[in-house]
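[1] Got a predicted structure here, sequence first:
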Amino acid sequence: MKTMHLEGRWVLVTGASSGLGKAFAIHLAKHHHANVALVARRKDKLEALAKELREGAGVEAITITGDLSRIEDVDRVLAEAQDGRQLAAAVLNAGVTHFGHFHELSWADFQAMLATNVTAVVRMTTELVPHLEKAPGGGAILIVSSMAGFTPVAYQTAYAATKAFLISFGMGMWHELQGRNVSLTTYCPAGIQTEMTSGEKFGPLRGWLARVEDVAREGIDAMVGRRFLAIPGVQNRLGDALFRVLPRRFITGRLAAVYRGALADGAKGH
């Protein structure tokens, strides 16, 4: 399939009220002149972003509020996004994390994480594929996973497991969609400077975090280029290569030690 052109076309972006989702929306509007359907739970932040993009980039922007941990909200968001418009692409970015000891994650919060990070993505992909392949020139989906999905990350154990599912699902779907008029790219950034990583616990890890604008740009480039799998940043790609050859227990042990230290330092600072 040919590289996508998004000017004047509609792109759905989930988790768009802040962080990487917001950066995706800004990049799509300002650099690709795409119209955006913005999805998140916080209506006020969505409306402010939509106004900024309409006035600053001259594109159309709609807002759809919804909690993607609720399947009824997922279905409503899909219906509203497709009502009266043909989507060309979807950036499935919404996600939640837990950084801390696993026993501190309540069962309700784990269920919400699983529903948001996994179930909503699969549901949206299932419903969007037949819609997107009707788009002139072909449609595209970007599933935002994480480098945490490549290897277990202690103290983000449940989160990393949800992201591992997305990598497996996304790469499998890329092959299943061959010959159809829609592509699916799996995107795996590492740590990013966002609201999600702004707490005390992440303080000692902040030096590892990438600029959100850079991560958004590389993700959209991967989607429009219809890539199979994308990892932003040279250091992250080198790290992925090392993960493949070094003993898994060694890698997971080193990561666990770093995160354990960060938790301890964060607790002292608090």
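    Structure's in. What do you need?

[2] Where does pLDDT dip in the stretch 51-200 of the chain?
    Counting by pLDDT under 70, the stretch 51-200 of the chain has low-confidence residues at 194-200.

[3] got the contact list for stretch 14-21?
    Residues outside stretch 14-21 that contact it (CB atoms under 8 Å, 6 or more residues apart in numbering): 13, 22, 24-25, 36, 38-42, 45-46, 49, 68, 77, 90-95, 120, 124, 144, 189, 192, 194-196, 212, 215-216, 219. Where you see a C-beta, it was placed from the backbone N, CA and C, and this is true even at glycine.

[4] filter those to the buried ones?
    Buried subset of those (neighbour count, 16 or more other CB atoms under 10 Å): 13, 22, 24-25, 36, 38-40, 45-46, 49, 68, 77, 90-95, 120, 124, 144, 189, 192, 194, 196, 212, 215-216, 219.

[5] Show me the residues you listed that map onto strands.
    13, 36, 38-40, 90-92, 144 (DSSP state E).

[6] Go through those and name the one nearest Ala160.
    Distance from Ala160 was checked for each of those by CB to CB. The minimum falls on Val144, at 14.3 Å.

[7] Contact partners for the closest residue to that closest one other than its chain neighbours?
    Nearest residue to Val144, sequence neighbours excluded (CB to CB, 6 or more residues apart in numbering): Asn93, at 4.3 Å. Residues near Asn93 by CB under 8 Å, 6+ apart: 13-16, 20-21, 24, 142, 144.

[8] May I ask which two of those residues are separated the most?
    Spatially, the most separated pair among the contacts of Asn93 is Ala16 and Leu142, at 13.0 Å (CB to CB).

[9] the more surrounded of these two?
    Remark: of Ala16 and Leu142, Ala16 carries more neighbours, 30 against 25, as counted by other CB atoms under 10 Å.

[10] All good on my end, thank you.
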